[in-house]
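Participant: could you look at this predicted model? Sequence included:
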Amino acid sequence: MARGRRPCSIGAGHKEHGRRPRRTRHRMPSDWNDPQRGIWGDMTQQDQRPARSSGRAAVLGGARTAARRAMPPGLARVLDVLRARLAADLAAEATSGRLILWLPAAFTLGILLYFGAAQEPSLSVAVALFAVLCGGAVLLRARAVAFGAVVGVAAVAAGFATGSVRTALVAHEIAAPGKGPVRLSGFVERVEHRPKGDRILLRLDTGPVKGMDPVPRLVRLTLRKGWAPPVGTHVTQLTQLLPPLGPAMPGAHDFGRNPWFAGIGGVGYGLGKPKLAEPAEPPLSVRLAMAVEAVRDSLSRRIRASLAGTPAEIAVALVAGDRSAIAPEVEESMRVSGLTHILSISGLHMALVAGTLFVFVRGGLALVPALALGFPIKSLAAIVALTGSAAYLVLSGNDVPAQRSFVMTALVLSGVLVGRPALTLRTVGVAAVLVLAFTPEAALDPGTQMSFAATLALVAAYERLRPLRVLPRPDGWVGQGVVWLAVLVGGTALTSLVAGLATAPYGIFHFQRVAPYGLLANLAAMPAVSFLVMPFGLLGVLLMPFGFDHLAWPVMGKGIEIMVAVSDAISMLPGADGRVDTVGAPTLALFSLGLTALCLLRGLLTTVAIVPFALALLLSGAPPRPDILIAPDAQTVAVRGPDGRLSVLGARSQRLVVEQWMTREGDMRKAGAEGLAALFTCDPLGCTAPLPGGGTIAVSRRAESLEADCLESRIVVTRDMPPRHCPAQVVTPETLQRTGTLAYHFRKGTSGGEWQVEPTRRPHVQRPWMQPLPPEPAPSRPATDDPEADAASE
């Protein structure tokens, strides 16, 4: 480094030291960031720029002078004030180090660009690009603007490279579709006891499997209720295995991506009960899972010994992280009322556990004068809270939402340990980078998006309200009690309102629903959750080794009963189930940009957020809804009727796919509901339904119906070989295996209209978590007038 020159960082003030004379002509004035001067400087000051640019400056200055003369005097003064204020706020952002807060957003953008690629990017190129940009940032560290720009682009490149590295590290095989039953052998790594059946995670033994190639290393199987063996059991299981389910329709969530990053290469269902295999030494991951599962099972048994019904199952979900036994109607009630976030272990639960431990440990140590005066009891309380949070993470199943919450909690407690502000925007940014660095796929997860959106909005809101803490408070216990109650109620209301507004667009995009009474439900339920459910759940865990946990579980159960009663009452209100149409991805991206700008910028610069918010509002209309949907099994078909709703045939065979269709429509009907296929007319040969633009669609069940279907229908869906001269458009399983679900849109026109086909998967898109595309079928030979020649050619 040259003598007298020092490196710069984003947001730091930049001074000129030791610059060579030839660069002095580009030096900014010493008072360039003076708020009174503005970013353009004093118009009356003599222009000191080089002569080669004076002509251009004169033209621009003349244009500005003419524009000012054309304005009303009042408007010109207002614009001058706004310009000076914006210049001052921009200078404050640059000199206060707040620009670094945008680096996590740039890092996230790089991850999203990686997942948006049609083909797998080159890992070496992604890493090399990041390294080159880092080198460029080092070289340009003395130039503030160039350095900041290169660092921002490097953050984007870092996110892109992180996605590539993560994919390369977890790469594994995916089960091939269309195979018959196969017998698998492996260790049970996880068990979920669900209301309608059990689900196990099976880590397969190494080696080939007869009748299956390639062989995944981890599969998820659904069994009949009560058939799941304990964790760690070595079993053999006859299974019908399939690759993980992809998107149910164009634009829908890809259900195969997260399982792939979790190491799962196949899903299916067991044919018969699992059989014990020969004893073998389980791998390390299974041994660790056995140890954790033993503690979780013990907790679950102790809770169910003291509680029963819904309180018991919710208590097990909150303490042991197993929500599989919660009744579907209870989950639906919580979802409609806006309380479903309580059932998933997240930042709320981790904060309550850590906060309870911190308060009671610090308060207990403060009661002993020798400890309070001789030891840093605040730091000791933070260490205990951090340890308890880590134990809660393990006991709750170590799911991704819990990991994300633990990272945030650990950062907050680390700030307490080193005497830094506990929860700031920098803390949120660091937590986001840490979570996404290890699990970049979480950037596309609805829970991650909603969690960080809510946290970002809440931290920014309370930072702006921080000056209110210095307001004078009344004397006397009555006045202080009133203030405490007002802060408690107002804080709960503000938290619910801010978090609800920040997460609403994400809920609309991913789930097509909002909770209109979410604020009311949280105001009524959160006191019970904060003072009864979580504290006494923690107390029960702490008392369990001593055998006194039965004293805590009933109190926790009463709190759960209050919460469920609030949920049921709110969900019965008119309009509580806020089903809405979805919004497009550009709308969500613009809202995210506006939310980030609103939270990170200060002063008048926050008005910049109006632009993306306004654009998001303009684009907030629902995307065009398809008029026909054909599932990959070539038997489940949906057609839009005259009433605007979908009529679905064959719903029971593709229940999850159909439920996704209904959710995207904002339709409350369930798969298999009575009258769901009312538009179809069926006979033993197949079914037909009228199309919006005229004509019919035929779903053939037998080959002998194809001749008539081809002549009478516009679209024929069949599993059999169609006639060679079929005038209708034919859809077969071979076609759907390459395209996924097909969506047809009817476009009205002067000639009666036309059908546009949109595949869920386009032929040029291939990523590691997607099922490999089968080879394209060979084109059929044209028919001739000589049947014998046709037969010979075949």
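Facilitator: The structure has been received and is ready for your questions.
Participant: strands along the stretch 251-400 of the chain, start to end?
Facilitator: When secondary structure is read from DSSP state E, counting those that start in this stretch, the stretch 251-400 of the chain shows strands at 266-270, 275-276.
Participant: neighbouring strands for the first one, and are they parallel or not?
Facilitator: In other words, strand 266-270. For strand 266-270, sheet partners with direction are given as strand 218-223 (parallel), strand 234-242 (antiparallel), following DSSP bridges.
Participant: give the pairing partners of the longest strand along the chain; include direction for each.
Facilitator: Among the elements of the chain assigned as strand by DSSP state E, the one spanning the most residues is strand 182-194. Partner strands and pairing direction for strand 182-194 (DSSP bridges) are strand 197-204 (antiparallel), strand 234-242 (antiparallel).
Participant: hmm, who's touching it?
Facilitator: For strand 182-194, the surrounding residues in contact (CB atoms under 8 Å, 6 or more residues apart in numbering) are 198-205, 209-212, 218-219, 225, 228-239, 241, 274, 277, 280, 282-283, 285-286, 289, 293, 322, 324-325. C-beta coordinates here come from the backbone N, C-alpha and C atoms, glycine included.
Participant: with stretch 415-433 instead?
Facilitator: For stretch 415-433, the external contacting residues (CB under 8 Å, 6+ apart) are 100-101, 103-104, 107-108, 358, 378-379, 382-383, 404, 407-408, 411-413, 452, 455-456, 459-460, 463, 599-600.
Participant: which of those are buried?
Facilitator: In terms of neighbour count (16 or more other CB atoms under 10 Å), the buried residues within those are 100-101, 103-104, 107-108, 358, 382-383, 404, 407-408, 411-413, 452, 455-456, 459-460, 599-600.
Participant: and of the strands of the stretch 251-400 of the chain, who's closest to L532?
Facilitator: In this view, the strands of the stretch 251-400 of the chain are compared for proximity to L532 by CB to CB, and strand 266-270 is the closest at 38.6 Å.
Participant: measure how buried M572 is and give me the count.
Facilitator: As a burial measure, M572 scores 11 neighbours (other CB atoms under 10 Å).
Participant: tell me the confidence at it?
Facilitator: For M572, the pLDDT comes out at 91.
Participant: picking up where we left off before, now render the strands of the stretch 251-400 of the chain as CSV, adding distance to L685.
Facilitator: Conversion of the strands of the stretch 251-400 of the chain to CSV gives the following (distance: least, CB to CB, whole Å):
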stretch, distance to L685
strand 266-270, 30
strand 275-276, 42
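Participant: which one of these lies closest to D643?
Facilitator: strand 266-270 (35.2 Å).
Participant: per-residue confidence averaged over that closest one?
Facilitator: The average pLDDT within strand 266-270 is 90.
Participant: now do the buried residues in that strand.
Facilitator: If you call a residue buried by 16+ other CB under 10 Å, then strand 266-270 has these buried ones: G266, V267, G268, Y269, G270.
Participant: show me the contact partners of it.
Facilitator: Residues external to strand 266-270 that are found in contact with it (CB under 8 Å, 6+ apart): 174-175, 216, 219-224, 227, 237-245, 259.
Participant: I'd like the buried residues of strand 266-270 laid out as CSV, including distance to S396.
Facilitator: Shown next, in CSV, are these (distance: CB to CB, whole Å):
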residue, distance to S396
G266, 26
V267, 24
G268, 27
Y269, 27
G270, 27
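Participant: N398: which of these is nearest?
Facilitator: Top of the list for closeness to N398, among these and by CB to CB, is V267 at 20.7 Å.
Participant: residue contacts, the closest residue to that closest one other than its chain neighbours?
Facilitator: For V267, the nearest residue in space outside its immediate sequence neighbours is R220; the separation is 4.9 Å by CB to CB, 6 or more residues apart in numbering. The neighbourhood of R220, defined by CB under 8 Å, 6+ apart, consists of R199, I200, L201, L202, P259, I264, G266, V267, G268.
Participant: do you know how far P623 is from A252?
Facilitator: If you measure P623 against A252 using CB to CB, to the nearest Å, the figure is 11 Å.
Participant: pick out whichever of those two has more residues nearby.
Facilitator: In this comparison of P623 against A252, neighbours counted by other CB under 10 Å, the higher total goes to A252 at 19 against 15.
Participant: which residues sit in contact with the nearest residue to the more buried one once chain neighbours are set aside?
Facilitator: The spatial neighbour of A252 that comes closest, neighbours along the chain excluded (CB to CB, 6+ apart), is Q660 at 5.8 Å. Applying CB under 8 Å, 6+ apart to Q660 gives the contacts A248, M249, A252, H253.
Participant: burial of the first one, as a residue count?
Facilitator: Using other CB under 10 Å, A248 has 25 other residues around it.
Participant: helix or strand: which one has the residue lying closest to it once chain neighbours are set aside?
Facilitator: Closest residue to A248 in three dimensions, ignoring its sequence neighbours and counting by CB to CB, 6+ apart: Q660, at 3.6 Å. With elements taken from DSSP states H and E, the one containing Q660 is helix 655-665.
Participant: give the next helix or strand downstream of that helix.
Facilitator: Criterion used, DSSP H and E; the element after helix 655-665 is strand 681-683.
Participant: what comes up buried for that next one?
Facilitator: Counting neighbours, the buried set in strand 681-683 is empty (16+ other CB under 10 Å).
Participant: same check on stretch 249-260?
Facilitator: Neighbour-count burial for stretch 249-260, counted by 16+ other CB under 10 Å, picks out M249, P250, G251, A252, H253, D254, F255, G256, R257, N258, P259, W260.
Participant: angles on the backbone of the fifth one, please.
Facilitator: Backbone geometry at H253, expressed as degrees, to the nearest 10, gives phi -70, psi 140.
Participant: mind checking how far A743 is from R664?
Facilitator: 10 Å.
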